[in-house]
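Engineer: Coordinates only, no sequence provided:
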C-alpha cells in the first residue's frame, strides 16, 4: 500500500521566525522518521508529503495515495486541524485519524464540553471568555482554571492559570486574550488527581490502551500539567499506570467521551478527579503526539508493554477498516 504522510515539521516554522511556544504542537524530525520507519516495517511504501499547502499542490497535480497518515495540526484558526482531512475528503482519499467535523469541534474546548455534557459525560462547569466584558458574566465558584480555548501541548497553561479570585482571573484572561488572540476557556478547578487515557480504535471497537496518572514532582509548577511541565517532563513529572476502581472509572469516562465525539483510530482523553473523587472529562486530543520517546501516548504504550511499531500498527488497522475495495473497470 502506498501511504502518504502529512505533517507540520517544527523546524521549518522555527526557521521562518516562529517561536518555541507557537510551534510546540508541531513535529520534530525524529518523530517523522520513527513513524515512517514503523509504517515501512508493516510492508508499506511511505511518501512524505508535509503540510497542507504541499498536500494541496500535489492533489491538484493529480497525485493520489491508498491511505494518508495524517498528523498535520496547522498553525492558525479554529479549522487548522480539520484542513488536511477536508482536502483529502474533497478528493476521496482515505486517511488515518478523525474527520474534519471531529477535528474542528474538538479543537474548541468549549464546544467539545457542550457535546460531551449533552452525552451525559461529567465535565467541570465552564464559561468561554471572548472579550474582557465577558468576565463580568462569569459566575462560577472559585478557584477557577483558565486556558486558551483552542491550543494543545499545554500552550498558555502556567501556574497563573489557577485563579483564586476575580482579580487573578481577570489578569490571566487578559494575558491569554492578548497573547493567543482567541477566546479563553474558564472552568471550575478540580483539586483531584490527573490522568490521561490512551484510546485505540473507533466507535464500539475503541478500547483503552491504558490509564496513566500524571504525577507532578517537586520541581514542577504546582496544580496543573502546564506547558513547562510538559516541555521539561524529565525532571518534573512521573507517569504511572493505574488500575482497579480508579483506573476503571477514568477509562469509562474517557471511552464515553471518545465515542460521543466520534473520534477515530487513536488519541488521548484527559481526566481529572473532583473533590468527591469522581472522574471528569477535561479535554481530548484526537491528533495525539507520536514522538516515540516523549509523547504521552508512546509513554503509555511502553508502560503497558506495547512497542512503538505495534502502536502504529494498531492505528493503521483501525483506519484500514474503513477502506473500500477498489472497483476495476
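Structural biologist: That came through fine. In this text the structure is predicted, and so the values were computed from the model without any measurement.
Engineer: Please name every helix or strand in contact with the longest strand belonging to the chain.
Structural biologist: Looking across the chain with DSSP state E, the single longest strand is strand 207-216. Under the contact criterion of 3 or more C-beta pairs under 8 Å, 6 or more residues apart in numbering; DSSP states H and E, the helices and strands touching strand 207-216 comprise strand 194-200, strand 237-241, helix 244-261, helix 296-303. To be clear about C-beta, it is placed using only N, CA and C from the backbone, and glycine gets the same treatment.
Engineer: who's in contact with that strand?
Structural biologist: Here strand 207-216 makes contact (C-beta atoms under 8 Å, 6 or more residues apart in numbering) with 193-201, 222-223, 225, 229, 236-243, 246-247, 250-251, 254-255, 271, 296-297, 299-301, 303-304, 306, 311.
Engineer: What subset of those is buried?
Structural biologist: Taking 16 or more other C-beta atoms under 10 Å as the criterion, what is buried in the contacts of strand 207-216 is 193-201, 223, 225, 229, 236-237, 239, 242, 246-247, 250-251, 254-255, 271, 296-297, 299-301, 306, 311.
Engineer: hang on, residue 120 packs against residue 256?
Structural biologist: Yes: between residue 120 and residue 256 there is a contact under C-beta atoms under 8 Å: 7.4 Å.
Engineer: so where is the stretch 151-300 of the chain shaky, pLDDT-wise?
Structural biologist: For the stretch 151-300 of the chain, no stretch has pLDDT under 70.
Engineer: Report how many residues lie close to the closest residue to residue 313 other than its chain neighbours.
Structural biologist: Closest residue to residue 313 apart from its sequence neighbours, by C-beta to C-beta, 6 or more residues apart in numbering: residue 42 at 5.8 Å. By the criterion of other C-beta atoms under 10 Å, residue 42 has 15 neighbours.
Engineer: So that it lines up with my notes, have the first residue be 32 from now on.
Structural biologist: In the new numbering, first residue 32, that becomes residue 73.
Engineer: got the contact list for residue 73?
Structural biologist: Per C-beta under 8 Å, 6+ apart, neighbours of residue 73: 340, 343, 344, 347.
Engineer: between those, which is nearest residue 78?
Structural biologist: Nearest to residue 78, judged by C-beta to C-beta, of these is residue 347 at 15.1 Å.
Engineer: what's near enough to touch the closest one?
Structural biologist: Residue 347 sits in contact with 70, 73, 98, 100, 127, where contact means C-beta under 8 Å, 6+ apart.
Engineer: what pLDDT, on average, does stretch 342-360 get?
Structural biologist: Stretch 342-360 shows a mean pLDDT of 83.
Engineer: and the gap between the spatially most central residue of the chain and residue 205?
Structural biologist: Ranked by distance to the mean C-alpha position of the chain (C-alpha atoms, centre = their mean), the top residue is residue 316 at 2.1 Å. Distance of residue 316 to residue 205, computed by C-beta to C-beta, to the nearest Å: 27 Å.
Engineer: excluding its backbone neighbours, what's nearest residue 322?
Structural biologist: residue 62 (4.5 Å).
Engineer: ok, the one you found to residue 112 distance?
Structural biologist: Going from residue 62 to residue 112 by C-beta to C-beta gives 17 Å.
Engineer: So which of these two has more stuff around it?
Structural biologist: Legend: neighbour count by other C-beta under 10 Å for residue 62 and residue 112, higher for residue 112 (27 against 22).
Engineer: Run a quick check on the more buried one versus residue 135, I expect a contact.
Structural biologist: Yes: if you go by C-beta under 8 Å, residue 112 and residue 135 touch, sitting 7.2 Å apart.
Engineer: Buried residues of the helix or strand residue 87 falls within, list them for me.
Structural biologist: Counting by DSSP states H and E, the element that carries residue 87 is helix 83-91. Buried residues in helix 83-91, counted by 16+ other C-beta under 10 Å: 83, 86, 89, 90.
Engineer: how would you label residue 299: helix, strand or coil?
Structural biologist: Of the three states, residue 299 takes strand according to DSSP: H, G, I helix; E, B strand; the rest coil.
Engineer: Specify the local secondary structure of the spatially closest residue to residue 162 that is not a sequence neighbour.
Structural biologist: Excluding its sequence neighbours, the residue lying closest to residue 162 (C-beta to C-beta, 6+ apart) is residue 208, at 7.4 Å. Of the three states, residue 208 takes helix under three-state DSSP.
Engineer: Does residue 208 touch residue 215 like I think?
Structural biologist: Yes: contact criterion C-beta under 8 Å: residue 208 and residue 215 qualify, at 6.1 Å.
Engineer: Compare neighbour counts for the two and give me the winner.
Structural biologist: Counted by other C-beta under 10 Å, residue 208 and residue 215 do not tie: residue 215 has more neighbours, with 27 against 20.
Engineer: which residues sit in contact with the more buried one?
Structural biologist: Residue 215 makes contacts with 159, 160, 177, 178, 179, 180, 203, 204, 207, 208, as judged by C-beta under 8 Å, 6+ apart.
Engineer: Give me the subset of the residues you listed that lies in strands.
Structural biologist: Per DSSP E, the subset of the contacts of residue 215 in strands is 159, 160, 177, 178, 179.
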